[in-house]
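> A predicted structure for the sequence below; I have some questions about it.
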Amino acid sequence: MNNMQKGVAEFIGTFWLVFGGCGSAVLAAAFPELGIGFLGVALAFGLTVVTMAYAIGHISGCHLNPAVTVGLWAGGRFDARDIPLYIIAQVLGAIVAAFLLFYIASGSPNYDLAVNGLAANGFGEGSPGRYDLWSGLIIEIVLTAFFLWIIMGSTDGRAPVGFAPLAIGLALTLIHLIAIPVTNTSVNPARSTGPALVAGGLALEQLWLFWIAPLIGGAVGGWLYRTVGADSFPKPNIEGE
């Protein structure tokens, strides 16, 4: 696949992740009678990754996340020259999805951005459970590191073929079940950037943490798997190559 194809695939995939994941929080979880709650939102994020991994994994590897891209580079699975292309595509996809989601949500007279938000991430006043900066920083680093460990392990050439998307999607679901009360769950700088740009204010002021923590966690997770699970490191089977 050429770089244009990979970039477009990452744009579409990240759009789907933000539109599906954040959309479930903004459009469905906002109505208690629908009953999806935290579990439904967590499952929605996991489903976006599972579906896109099968759809574009063979095109771009289905990163959908700057922390995954950096983590795979740290793990020896990705060329540093392609990092800017992937991150730009991912961030643009997230931004377009967030603005479109805001436009759709605004079609309801009951929606108010200042009250309902756009599933932005935060700590302190921006945290659903009012968890402080250090709680948010630590949980985002730890969960992103484990996310990369699972991605690296499940896409290792020695792992069972064809199950990586399920493992990765379920991992993201579990991550959201853990972290939604703390930071509204990022582990993905692109996912955080789109809603923050739309919401502005506190979400935009706190966006720095949701770049720094996931990137650190992703690099640690990728490097750790490369160190502990080292063998021949064949190309990830998720790419179908």
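Received the coordinates, thanks.

> Can you spell out which helices and strands pack onto whatever helix or strand Leu172 lives in?
Using DSSP states H and E, Leu172 sits within helix 164-183. On a contact count with 3 or more C-beta pairs under 8 Å, 6 or more residues apart in numbering; DSSP states H and E, helix 164-183 meets helix 37-60, helix 133-154. Glycine gets a C-beta too; all of them are placed from N, C-alpha and C.

> now the next helix or strand after that helix: mean pLDDT?
Using DSSP H and E, the helix or strand that follows helix 164-183 towards the C-terminus is helix 189-199. Confidence over helix 189-199 (mean pLDDT, whole number) is 97.

> what's the spacing between the helix or strand following helix 189-199 and its chain's center?
Using DSSP H and E, the helix or strand that directly follows helix 189-199 along the chain is helix 201-205. For helix 201-205, the distance from its own C-alpha centre to the chain's C-alpha centre is 19 Å (C-alpha atoms, centre = their mean, to the nearest Å).

> Need the winner for burial among the helices and strands packed on helix 164-183.
Comparing those by mean neighbour count (mean count of other C-beta atoms under 10 Å), helix 133-154 ranks first with a mean of 22.

> so how far is that helix from its chain's centroid?
Its chain's C-alpha centre and that of helix 133-154 lie 11 Å apart, by C-alpha atoms, centre = their mean.

> Export that helix to CSV, keeping only CA atoms.
Output in CSV follows, covering the C-alpha atoms of helix 133-154 (Å, rounded to 0.1, in the frame of the first residue of the first chain):
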residue,chain,number,x,y,z
LEU,A,133,-3.9,15.5,37.8
TRP,A,134,-1.7,12.7,39.2
SER,A,135,-4.4,10.1,39.1
GLY,A,136,-5.1,11.0,35.5
LEU,A,137,-1.5,11.0,34.5
ILE,A,138,-0.7,7.7,36.1
ILE,A,139,-3.8,5.8,34.8
GLU,A,140,-3.3,7.1,31.3
ILE,A,141,0.3,6.0,31.2
VAL,A,142,-0.3,2.6,32.7
LEU,A,143,-3.4,1.8,30.6
THR,A,144,-1.7,2.9,27.4
ALA,A,145,1.4,0.9,28.2
PHE,A,146,-0.8,-2.2,28.7
PHE,A,147,-2.7,-1.4,25.5
LEU,A,148,0.5,-1.5,23.5
TRP,A,149,1.7,-4.6,25.3
ILE,A,150,-1.6,-6.3,24.1
ILE,A,151,-1.3,-4.9,20.6
MET,A,152,2.3,-6.1,20.3
GLY,A,153,1.6,-9.5,21.7
SER,A,154,-1.6,-10.2,19.8
